[in-house]
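Asks: Following is a predicted model, sequence given first.
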Amino acid sequence: MSFILSFEPLALEPREHAEAGGFVSFEGKVRNHAQGRSVILLEYEAYPEMATAQGNELVEEAMERFGLLDARVAHRLGTLNIGDTAVVVQAAAAHRREAFEACEWIMDQIKWRVPIWKRETYADGVSEWVHAGSAPAEPHSDQIRFERQMRLPQVGDVGQTNLQNARVLLVGVGGLAAGSLPPLVGAGIGAIGLVDADLVELSNLHRQTLFASSDAGRQKVERAAAFAKRLRPAIEVETHFEALSETNATRLVDSFDWVLDGTDSLDTKFLLNEVCRKLGKPLVTASVHQFEGQIMTILPDGPCLQCLFPEVPPDHCVGTCATSGVLGVVPGILGAMQANEVIKGILGLPTLDRQLALVDLLTLDVTRLERIFNPKCPICSGSERSSALEWDLQHLPTFDFDLIDIREIDEQPNLKRPHQRIPMTSCYEQTFVRPTVFVCATGRRSFRLAANLRAAGNRHVFSLLDGLCNPALK
């Protein structure tokens, strides 16, 4: 593993590693044009100690991120002619995919993280110093990029500044994100966060147009981040290769100004609703089903998702794209509408904060339903706890009951008290005759499960107060 700077010509050196099955080498050469101008030579300059230190940190991060067995980067300094090799990146991994992905990632990161400058000398005799990975050197480049948008009286200089200062989190990088991410990036949003634990699949591509066939098997968040960077290199992108859950939702949401829900999980949507309400973050949520979709904006001082649906429906009650099918264009259109809601909200324009829009893309009908505060909403009323549904093990009656851990099988730690382990989704398929107490990490999932099962006629089900935090489980 190494990052080196050299004033001497670079050459590809054979790499060997007994455990590696994939070796990828990238060689970047000086070309005779840049941004429409004819180039006759380049000069590279750096602070060697700083550039080498940051370069080695980058290579070390790539080793860990992609599971590389070896990696080497060499970058030229000094004067280079057309056709000379400017940079060499080599990666060795157990499989070729990781090696390819690492090479591409390293090249993208070098441009932004390693302080190396270049001076381009053009055919007209003009020479200009620019950072090797900076956006076009013209100081008015953003003015050119956004000038037509800024002509709108609702945008102008102030509105554009607000967009560029905004941070937007996309939870779910699928079909809805394929519609929302490009216009958010293009509009000038300053920072985008991407949360998803899935890999690209070929069956995604008819609707998830952020990705190419060659992306199959790679992280959605990484490929979506690369897409955003190609569209607007100056944008800040944070990637989180993890599924949103009760344990990480607050951490992921807290540093962003707006949240866009692009998931097909009802449980995740209601979790986002709860966390965004607690943190005072506006949320734009949408859902699609075959040729139809629905969208709403939930502001911190407006009616929330659970005002509309007091009883959280189970995840399996509505078919997903995989089970029911979906026309590829539908999530893209709904995602673009989500981006529109976010942009309008940042600009202080009216949003769907008191309405639910139902969109039928077969007929092009849009129906708006008014949304109001529900006094029985457990989120807005602050009555999230219900003694009729929740038990505290320290004060349980003496008769027998079943204790069921509804967390996923891989969630830790295991309970020390005798119990059964049945994931939440499987509980909806059962009938509980004996008194049954459900437990999860914090008590939120178990509370929703108990409420839903009560509504379905299961009278003897309860949620353990505070979940694993209940002192009786210690």
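Replies: That came through, no problem. Residues are numbered from 1 along each chain as shown.

Asks: Now the closest residue to H33 other than its chain neighbours. Its backbone dihedrals?
Replies: In this structure, H33 finds its nearest non-sequential neighbour in V39, 5.7 Å apart by Cβ to Cβ, 6 or more residues apart in numbering. Every C-beta, even on glycine, is put in place using the N, C-alpha and C of the backbone. Main-chain torsions, V39, degrees, to the nearest 10: phi -110, psi 140.

Asks: which ones are touching V39?
Replies: Contact partners of V39, counting by Cβ atoms under 8 Å, 6 or more residues apart in numbering, are V30, R31, N32, H33, I82, E120, T121, Y122, A123.

Asks: same thing with A93?
Replies: A93 makes contact with A20, G21, G22, F66, G67, L68, L69, A99, A102 under the criterion Cβ under 8 Å, 6+ apart.

Asks: ditto for R277
Replies: By Cβ under 8 Å, 6+ apart, the residues touching R277 are I298, P300, C304, I379, C380.

Asks: Return the distance of the third one relative to L356.
Replies: Translated: C304. To L356, C304 is 12 Å away according to Cβ to Cβ, to the nearest Å.

Asks: who's more crowded, those two?
Replies: Using other Cβ atoms under 10 Å, the more surrounded residue of C304 and L356 is C304, with 24 against 18.

Asks: Where does the closest residue to L152 other than its chain neighbours fall, secondary structure wise?
Replies: Distance criterion Cβ to Cβ, 6+ apart; nearest residue to L152, sequence neighbours excluded, is G159 at 7.8 Å. Using DSSP states H and E, G159 falls within helix 156-165.

Asks: Extract the CA atoms of that helix and return them as PDB.
Replies: The C-alpha trace of helix 156-165 is given here as PDB (Å, rounded to 0.1, in the frame of the first residue of the first chain):
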ATOM      1  CA  GLY A 156     -33.300  35.200  -7.100                       C
ATOM      2  CA  ASP A 157     -29.900  35.500  -5.300                       C
ATOM      3  CA  VAL A 158     -31.400  34.900  -1.800                       C
ATOM      4  CA  GLY A 159     -33.400  31.800  -2.800                       C
ATOM      5  CA  GLN A 160     -30.400  30.300  -4.600                       C
ATOM      6  CA  THR A 161     -28.200  30.900  -1.600                       C
ATOM      7  CA  ASN A 162     -30.800  29.200   0.600                       C
ATOM      8  CA  LEU A 163     -30.700  26.200  -1.800                       C
ATOM      9  CA  GLN A 164     -27.000  26.000  -1.700                       C
ATOM     10  CA  ASN A 165     -27.000  26.200   2.100                       C
END
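
Asks: which of the residues in that helix are buried?
Replies: For helix 156-165, burial by neighbour count (16 or more other Cβ atoms under 10 Å) applies to G159, Q160, N162, L163, Q164.

Asks: got it, and stretch 223-236?
Replies: Neighbour counts over stretch 223-236 (16+ other Cβ under 10 Å) mark R223, A224, A225, A226, F227, A228, K229, R232, I235 as buried.

Asks: from these, which two are the most distant?
Replies: R223 and R232 (16.1 Å; Cβ to Cβ).

Asks: Next, work out how far apart the residue nearest to L152 and G186 are.
Replies: From G159 over to G186 the distance is 15 Å, taken as Cβ to Cβ.

Asks: swap in P115?
Replies: Remark: distance between P115 and G186 (Cβ to Cβ) = 29 Å.

Asks: neighbours around R113, how many?
Replies: Other residues near R113 number 14, with proximity taken as other Cβ under 10 Å.

Asks: ugh, wrong one, I meant R148
Replies: Residues lying near R148 (other Cβ under 10 Å) number 9.

Asks: Kindly list the main-chain dihedrals of it?
Replies: Dihedral angles for R148 - degrees, to the nearest 10 - are phi -70, psi -30.

Asks: List the contacts of it.
Replies: If a contact means Cβ under 8 Å, 6+ apart, then R148 has no contacts.

Asks: heads up, I number from 21, so please use that
Replies: Yep, numbering from 21; the last one is R168 now.

Asks: Just the buried ones from the contacts of A113?
Replies: For the contacts of A113, a burial check counting by 16+ other Cβ under 10 Å picks out A40, G42, F86, L88, L89, A119, A122.

Asks: re earlier: are any of the contacts of R297 buried, and which?
Replies: Buried by 16+ other Cβ under 10 Å: I318, C324, I399, C400, out of the contacts of R297.

Asks: now these in a markdown table, with secondary structure, distance to P302 and pLDDT?
Replies: A markdown table is the format used below for these (DSSP: H, G, I helix; E, B strand; the rest coil; distance: Cβ to Cβ, whole Å; pLDDT from 0 to 100):
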| residue | secondary structure | distance to P302 | pLDDT |
| --- | --- | --- | --- |
| I318 | strand | 7 | 95 |
| C324 | coil | 11 | 92 |
| I399 | coil | 15 | 81 |
| C400 | coil | 15 | 80 |
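
Asks: Could I get the full set of strands for the stretch 371-494 of the chain?
Replies: Along the stretch 371-494 of the chain, the stretches classed as strands by DSSP state E, counting those that start in this stretch are 375-380, 385-390, 410-411, 422-425, 440-441, 456-459, 481-484.

Asks: If you count neighbours, what's buried in the fourth one?
Replies: Within strand 422-425, the residues scored as buried using 16+ other Cβ under 10 Å are D422, L423, I424, D425.

Asks: Out of those residues, flag the one nearest to S147.
Replies: Of all the buried residues of strand 422-425, the one sitting nearest S147 is D425; the distance, using Cβ to Cβ, is 68.0 Å.

Asks: list the contacts for the closest one?
Replies: Counting by Cβ under 8 Å, 6+ apart, the residues that D425 touches are L435, H439, Q440, R441, I442, V459, C460.

Asks: now do L473
Replies: C447, Y448, F452, V481.
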